[in-house]
Structure formats: C-alpha cells, structure tokens
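Visitor: below are the sequence and a predicted model; questions follow.
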Amino acid sequence: MEINKKKNWQSVSRVMGAIKTQSPQPRTFSRGMVQDPSQFDVLVMPNLYGDILSDLCAGLIGGLGVTPSGNIGANGVAIFESVHGTAPDIAGKDLANPTALLLSAVMMLRHMGLHGHANKIETACFDTIREKKVLTKDLGGNSKCSEFTADICRRVQDMD
C-alpha cells in the first residue's frame, strides 16, 4: 500500500499549487527518512502511516519527549498536541519532559498568528536544552519536569 494515496497528495497539490510529489512504499519512505530527512518538506499520508512514521521521525530529533505535533484541517481548524502518549508509568512523579507539549503550543500560537509569543517560548526551550544545566532524564539530565519548566518560564519572563 502506498503511503500517499493519490487522492491525498492530489488534493493538497490543487490547494498549494505546484509541488513535487512522491508516492513511495512505507519501507522505501522509512529508509529515505532515516538516510536523508532533508529531502522531505511536507508529508501527507493516511493516519495509520502518519502515526507510525511520526514516531520514527521523533527518533531523528531526540525522541517523543521533544516532538510537537499539529493536525490542521482544510478549513483551518487545528489541534496541537505532543506526539507521546500519557506515560501512566511516570504520572505524578514530576519526571515528564514538557518540551513536546510546549513546542506544540508554539505551533498553535504561530497558527493563531501570535509569532512573538511563539518565538519567546521556543527560544526559551531551546536555550534551556542547549545550556544543559536543567534537563529531564530523557535528555541526559537529572532535573524534574517542574525544574525544567521553571527554567523555561524564567527565560520567557527575562525576555520582557
């Protein structure tokens, strides 16, 4: 089964204008994504493949804990969420990495036209990660979710 059914990419192509399209088999796409992810700008596929391949792509950028997600409908209605699940095994333990949720909020703010707010949160997240002083376990640190979040909030406040 092809990842991009013709009806999917043809409908997107009509809306977006001239775009180069491919319709690879899932195994071909997966290999191409791992070998050279820069060859892809936009992925259009049925939900099942999107779910599986978004997890593969998350591994390329640091894991599910840092992967934002947005689902935007043709009418502009959108839902933004982190890609990871609910992680019931760490619920209530202050161990979760909030980056995916924060970056999903950044995507939402941009969708709403609030680019200044989005840029502040994104910069604060990336600066906190880059500095490596306050990181959650999945990022190689020992900090709690609340400590990581507090550092990001402090950075946002310092920008004002």
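Guide: That came through, no problem.
Visitor: low pLDDT regions in the chain?
Guide: 1-19 (pLDDT under 70).
Visitor: following element in sequence after whichever helix in the chain runs longest, please.
Guide: What stands out as the longest helix in the chain, according to DSSP state H, is helix 115-131. For helix 115-131, the following helix or strand on the C-terminal side (DSSP states H and E) is helix 145-159.
Visitor: which other helices and strands does that next one contact?
Guide: Judged by 3 or more C-beta pairs under 8 Å, 6 or more residues apart in numbering; DSSP states H and E, the packing partners of helix 145-159 are helix 115-131. C-beta coordinates here come from the backbone N, C-alpha and C atoms, glycine included.
Visitor: residues in contact with I79?
Guide: Taking C-beta atoms under 8 Å, 6 or more residues apart in numbering, we find I79 in contact with 70-71.
Visitor: can you map out the strands along the chain?
Guide: 68-72, 78-82 (DSSP state E).
Visitor: which residue is the nearest non-sequential neighbour of A87?
Guide: A96 (6.2 Å; C-beta to C-beta, 6 or more residues apart in numbering).
Visitor: buried ones in the longest helix of the chain, by neighbour count?
Guide: Burial within helix 115-131, assessed by neighbour count using 16 or more other C-beta atoms under 10 Å, is assigned to 118, 120-122, 124-125, 128-129.
Visitor: export it as CSV, just CAs?
Guide: This file holds the C-alpha atoms of helix 115-131, laid out as CSV (Å, rounded to 0.1, in the frame of the first residue of the first chain):
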residue,chain,number,x,y,z
HIS,A,115,4.5,34.7,16.4
GLY,A,116,6.1,36.9,19.0
HIS,A,117,4.8,34.8,21.9
ALA,A,118,5.7,31.6,20.0
ASN,A,119,9.3,32.8,19.4
LYS,A,120,9.8,33.6,23.1
ILE,A,121,8.7,30.1,24.3
GLU,A,122,10.6,28.3,21.5
THR,A,123,13.8,30.3,22.2
ALA,A,124,13.5,29.7,26.0
CYS,A,125,13.0,25.9,25.4
PHE,A,126,16.0,25.6,23.0
ASP,A,127,18.2,27.8,25.2
THR,A,128,17.4,25.6,28.3
ILE,A,129,18.2,22.5,26.3
ARG,A,130,21.4,23.9,24.8
GLU,A,131,22.7,25.1,28.1
